[in-house]
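**Student:** Task: produce atomic coordinates for the following.
(one chain, ligands or ions: 1)
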Amino acid sequence: MKKIIVIGASGQIGSELTMELRNRFGNDNVIAGDIKNASHDVMNSGPFEIIDVMNENRLEEIIRLHNIDQVYLLAAMLSGNAEKNPKKAWELNMKSLLSILDMAKSGGLLKKVFWPSSIAVFGPTTPRENTPQLTIMEPSTVYGISKQAGERWCEYYFNKYGVDVRSVRYPGLISYKTEAGGGTTDYAVEIFYEAIKSGKYECFLKENTALPMMFMPDAIRGTIDLMESDPAKVKIRSSYNLSGISFTPKELAGEIKKHIPEFTVTYKPDFRQQIAESWPASIDDSDARADWGWNCEYNLASMTEIMLREVKKKLDLVQVTL
Ligand code: AKB
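**Tutor:** Predicted structure coming up:
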């Protein structure tokens, strides 16, 4: 039986990925790790370790202690936060990846690595519509630069040392279990909380800024499907384009209004507008579809319906417990 560690298990992706991996492979076979405690579900359903990814010795110690052979390395600083602290973002995003790739290369326990890239690898000179897998990549954010460099390192370690590293370029991820933190696409999560709490939302992007997004269940399924694919099918070892749903803030607000007619949105773009404008509006993911059978299930309507229902449940619960 494989032994897996999720590093970044208290984050937006990690909290849900950990639970799904535990469902599939057994609670004791999936170790959750993060610099801070994770959700109640993650903390109480299986092993948890406090890990600072900048501490390579501690990382190695945990991997040996639990006989880990697969890593999902999710710890990273996202686009918005990274612009406020570029050097720290670069250090965190690169050092953690290189430490793990080195551990996987040295013939030790680690056999497989998942590392997330992002649509942030693209930049203002990239074709914005239906952005191809292979195209111009001149990212203008430090987060994007770190993800692009990371992709190059992944491919390099695969070609040179045979490290079985796999990656997808996540679009903005929408979820209700753990809130997003520090990204440019976060508005698409915040808007649901504000729609339910106050019936109004001030959006930090302009109303017509289209971005690629994805509902978390699709992202989790895609991630695990890629990791479980036959290695021969994983032909791209930098990172795969993955497409979900593309929409603008105005279109999302319109969809929410179908459920909450009195909902209003105002627009006050901040520094993240420029980041959003440098990213694709939609993504061509035909390679992922052809190579390992990727397929997106949720659309704007089905995602919105579930988000409103689940965020409402969550907020009602907070009120009851107060
Ligand atoms: C961000 O907005 O920084 C992330 C991403 C698209 O990678 N959600």
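
**Student:** who's in contact with residue 80?
**Tutor:** 182-184, 186, 271-272, 275 (C-beta atoms under 8 Å, 6 or more residues apart in numbering). Any C-beta I mention is one placed from the backbone N, CA and C, and that applies to glycine too.

**Student:** so who does the residue of the stretch 51-200 of the chain found nearest the ligand touch?
**Tutor:** Nearest to the ligand in the stretch 51-200 of the chain, going by C-beta to the nearest ligand atom, is residue 183, at a distance of 2.7 Å. By C-beta under 8 Å, 6+ apart, the contact list for residue 183 reads 78-81, 172.

**Student:** change it to 7 Å
**Tutor:** Contact analysis of residue 183 by C-beta atoms under 7 Å, 6 or more residues apart in numbering lists 78-80, 172.

**Student:** Of those residues - the most surrounded one?
**Tutor:** Sorting those by how many neighbours each has (other C-beta atoms under 10 Å) puts residue 79 first, at 28 neighbours.

**Student:** can I assume it is in contact with residue 186?
**Tutor:** No: contact criterion C-beta atoms under 7 Å: residue 79 and residue 186 do not qualify, at 9.5 Å.

**Student:** Residue 300: neighbouring residues, count only.
**Tutor:** Neighbours around residue 300, by other C-beta under 10 Å: 17.

**Student:** Residue 174 bridge partners, please.
**Tutor:** residue 215 (DSSP bridges).

**Student:** tell me the contacts of it?
**Tutor:** Here residue 174 is in contact with 188-189, 213-216, 303, 307 (criterion: C-beta under 7 Å, 6+ apart).

**Student:** what about residue 5, helix or strand, and which?
**Tutor:** For residue 5, the enclosing helix or strand under DSSP states H and E is strand 4-7.

**Student:** mind listing what that strand pairs with, with the direction of each?
**Tutor:** Applying DSSP bridges to the sheet, strand 4-7 is found paired with strand 30-34 (parallel), strand 70-73 (parallel).

**Student:** distance between it and the chain's centre?
**Tutor:** Remark: strand 4-7 is offset 15 Å from the chain centroid, using C-alpha atoms, centre = their mean, to the nearest Å.

**Student:** let's have the chain start at 46 instead
**Tutor:** Shifting the count to begin at 46 puts that one at strand 49-52.

**Student:** Quick check: residues of this structure near the ligand?
**Tutor:** Residues of the chain found near the ligand (C-beta under 6 Å from any ligand atom) are 123-124, 163-165, 188, 215, 217, 228-230.

**Student:** redo that, cut-off 5 Å
**Tutor:** Residues of the chain found near the ligand (C-beta under 5 Å from any ligand atom) are 123-124, 163, 217, 228-230.

**Student:** among those, which are in helices?
**Tutor:** Per DSSP state H, helices hold the following members of the residues of the chain next to the ligand: residue 124.

**Student:** can you redo the residues of the chain next to the ligand as a markdown table with pLDDT?
**Tutor:** As requested, the residues of the chain next to the ligand are exported to a markdown table (pLDDT from 0 to 100):
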| residue | pLDDT |
| --- | --- |
| 123 | 96 |
| 124 | 96 |
| 163 | 98 |
| 217 | 98 |
| 228 | 96 |
| 229 | 97 |
| 230 | 97 |
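
**Student:** closest to residue 155 among the residues of the chain next to the ligand?
**Tutor:** residue 163 (23.0 Å; C-beta to C-beta).

**Student:** ranges for the helices of this protein?
**Tutor:** In the chain, the segments counted as helices under DSSP H are 57-70, 85-90, 101-110, 124-129, 131-150, 187-206, 232-242, 261-273, 294-302, 317-322, 331-337, 345-366.

**Student:** For the ones you listed, give me CSV that also has distance to residue 156.
**Tutor:** Shown next, in CSV, are the helices of the chain (distance: least, C-beta to C-beta, whole Å):
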stretch, distance to residue 156
helix 57-70, 14
helix 85-90, 24
helix 101-110, 11
helix 124-129, 30
helix 131-150, 7
helix 187-206, 13
helix 232-242, 34
helix 261-273, 11
helix 294-302, 40
helix 317-322, 36
helix 331-337, 18
helix 345-366, 34
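
**Student:** Pick out the shakiest of the ones you listed, pLDDT-wise.
**Tutor:** For the helices of the chain, mean pLDDT drops lowest on helix 345-366, to a mean of 91.
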